[in-house]
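Provide a 3D model corresponding to the input given below.
(one chain, ligands or ions: 1)
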Amino acid sequence: MELNDRVIIVTGAGSGIGAATARLLAARGAKVVVSDIADTGAQTTESIRAAGGEAEFVQGDIGVEAGAQALVAATLDRYGRLDGAFNNAGVEQCAVPLHKLTGEQWDRAVRVDLSGVFYCLKHQITAMLESGGGSIVNTASALGRVAIPNAAEYVAAKHGVVGLTKAAAADYGRQGIRVNAVLPGIVETTMVARISQDPTFAAYFDTLRRRHVMGRFGKPGEIGESVAWLLSDASSFVTGAAISVDGGYLAV
Ligand SMILES: NC(=O)c1ccc[n+]([C@@H]2O[C@H](COP(=O)([O-])OP(=O)(O)OC[C@H]3O[C@@H](n4cnc5c(N)ncnc54)[C@H](O)[C@@H]3O)[C@@H](O)[C@H]2O)c1
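Modelled structure (predicted):
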């Protein structure tokens with residue numbers, strides 16, 4: 001599980017799953033490049049440094065190619081190589097049925113949740129091909145396997161992340177680059193706090209909790225533990241996998 005001196009990018013690291021994972025990776029010895037569109041990435045970076053870890057904050061939008069490219073370029077400028085990445089930045093669903101979804105709402109989810117992962121993969125893999133390999137983990141969702149009502153754009157984007165993960169694994173398996181996805185169930189983050197404000201979802205939340213066979217939602221660090229394993233050599237024969245970390249949500 002050691003990640004000593006590995007240079008690892010974490011996107012969406014200003015909050016929730018990304019922030020917890022960035023702290024965990026740094027505690028295991030990684031040099032973490034904290035990426036977020038919001039300035040909350042500075043807080044994650046400070047907390048890592050305060051705990052004695054190594055981190056740099058690169059603020060930007062990974063939902064446009066130039067943002068993802070600049071993130072990888074800043075990483076190479078600072079550390080000279082890239083060993084791992086956790087492509088986790090994302091936005092939630094707009095909580096309307098499909099026929100009421102606007103083109104703008106659709107585009108927002110697909111741009112950040114799916115195209116953002118593609119742009120990151122493209123530039124991260126280019127860097128890893130130079131240095132001889134690496135490990136990448138993408139955040140999909142249990143909704144990358146199944147749907148819930150009123151989330152068409154999110155469900156479609158997250159299903160896309162699972163497919164993109166397999167495609168990238170197939171392209172680079174022989175070049176020492178592993179690509180996997182984690183599929184979280186509901187995890188207590190500000191994203192979920194925002195969604196739960198919506199009356200449609202609020203009414204649905206008890207049903208969702210019951211679908212987690214453990215009878216509870218997850219903690220951000222519980223996703224981070226799986227990500228740390230996938231980024232380490234302990235998972236050396238795992239690629240193209242979509243791993244559920246969901247308290248049993250997809251088991252029933
Ligand atoms: N929380 C859950 O229940 C849950 C479940 C399944 C999957 N996920 C996925 O996990 C990931 C993290 O979610 P979270 O719950 O920690 O959410 P969060 O809202 O707490 O954190 C997401 C972070 O991504 C950043 N971000 C958003 N758009 C960005 C962009 N264009 N460029 C760079 N950064 C951007 C935000 O600023 C934020 O800091 C997302 O991909 C989400 O879809 C979350």
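
So what's the predicted local confidence for Met1?
What the model reports for Met1 is a pLDDT of 59.

Enumerate the residues of the stretch 151-252 of the chain near the ligand.
Neighbours of the ligand within the stretch 151-252 of the chain, by C-beta under 6 Å from any ligand atom: 184, 186-187, 189-192. Quick note: C-beta positions are derived from backbone N, CA and C, even for glycine.

so where's the longest helix in this structure?
Using DSSP state H to define each element, the chain has its longest helix at helix 152-172.

which helices and strands sit right next to it?
Applying 3 or more C-beta pairs under 8 Å, 6 or more residues apart in numbering; DSSP states H and E, we find helix 152-172 packed against helix 103-109, helix 116-131, strand 134-139, strand 177-184, strand 242-245.

Can you lay out those as CSV showing mean neighbour count and mean pLDDT?
Listed next are the helices and strands packed on helix 152-172 as CSV, based on neighbours: other C-beta atoms under 10 Å; pLDDT from 0 to 100:
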stretch, mean neighbour count, mean pLDDT
helix 103-109, 14, 98
helix 116-131, 21, 98
strand 134-139, 28, 99
strand 177-184, 26, 98
strand 242-245, 19, 98
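
is it possible to export those to CSV including distance to Ser47?
Shown next, in CSV, are the helices and strands packed on helix 152-172 (distance: least, C-beta to C-beta, whole Å):
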stretch, distance to Ser47
helix 103-109, 29
helix 116-131, 23
strand 134-139, 20
strand 177-184, 22
strand 242-245, 23
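
hang on, isn't Tyr154 packed against Ala109?
Yes: the pair Tyr154 and Ala109 qualifies as a contact (C-beta atoms under 8 Å) at a distance of 5.4 Å.

Tell me the gap between the longest helix of the chain and the middle of its chain.
Between the centre of helix 152-172 and the centre of its chain there are 12 Å (C-alpha atoms, centre = their mean, to the nearest Å).

do stretch 63-70 as well
16 Å.

close to the ligand, is it?
Yes: using C-beta under 6 Å from any ligand atom, stretch 63-70 reaches the ligand at Gly63.

burial count for the nearest residue to Ser141 once chain neighbours are set aside?
Nearest non-adjacent residue to Ser141, counting by C-beta to C-beta, 6 or more residues apart in numbering: Lys158, 4.3 Å away. When neighbours are defined as other C-beta atoms under 10 Å, Lys158 has 27 of them.

Same check on Ser35?
35.

Convert the helix or strand encompassing it to PDB, retaining C-alpha atoms only.
Take DSSP states H and E as the rule and Ser35 turns out to sit in strand 31-36. What follows is strand 31-36 as a C-alpha-only set of coordinates in PDB (Å, rounded to 0.1, in the frame of the first residue of the first chain):
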ATOM      1  CA  LYS A  31       3.300  13.900  -3.400                       C
ATOM      2  CA  VAL A  32      -0.200  15.100  -4.100                       C
ATOM      3  CA  VAL A  33      -1.200  17.600  -6.800                       C
ATOM      4  CA  VAL A  34      -4.500  19.000  -5.500                       C
ATOM      5  CA  SER A  35      -6.800  20.100  -8.400                       C
ATOM      6  CA  ASP A  36     -10.100  21.900  -8.100                       C
END
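
in it, what's buried?
Buried residues in strand 31-36, defined by neighbour count with 16 or more other C-beta atoms under 10 Å: 31-36.

Using TSV, lay out these together with distance to Glu65 and pLDDT.
Shown next, in TSV, are the buried residues of strand 31-36 (distance: C-beta to C-beta, whole Å; pLDDT from 0 to 100):
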residue	distance to Glu65	pLDDT
Lys31	25	98
Val32	23	98
Val33	18	99
Val34	20	99
Ser35	14	99
Asp36	18	99
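
buried stuff in the helix or strand bottoming out on mean pLDDT in the chain?
Counting by mean pLDDT, DSSP states H and E, the weakest-scoring helix or strand in the chain turns out to be helix 199-211, with a mean of 85. Neighbour-count burial for helix 199-211, with 16+ other C-beta under 10 Å as criterion, is recorded at 201, 204, 208-209, 211.
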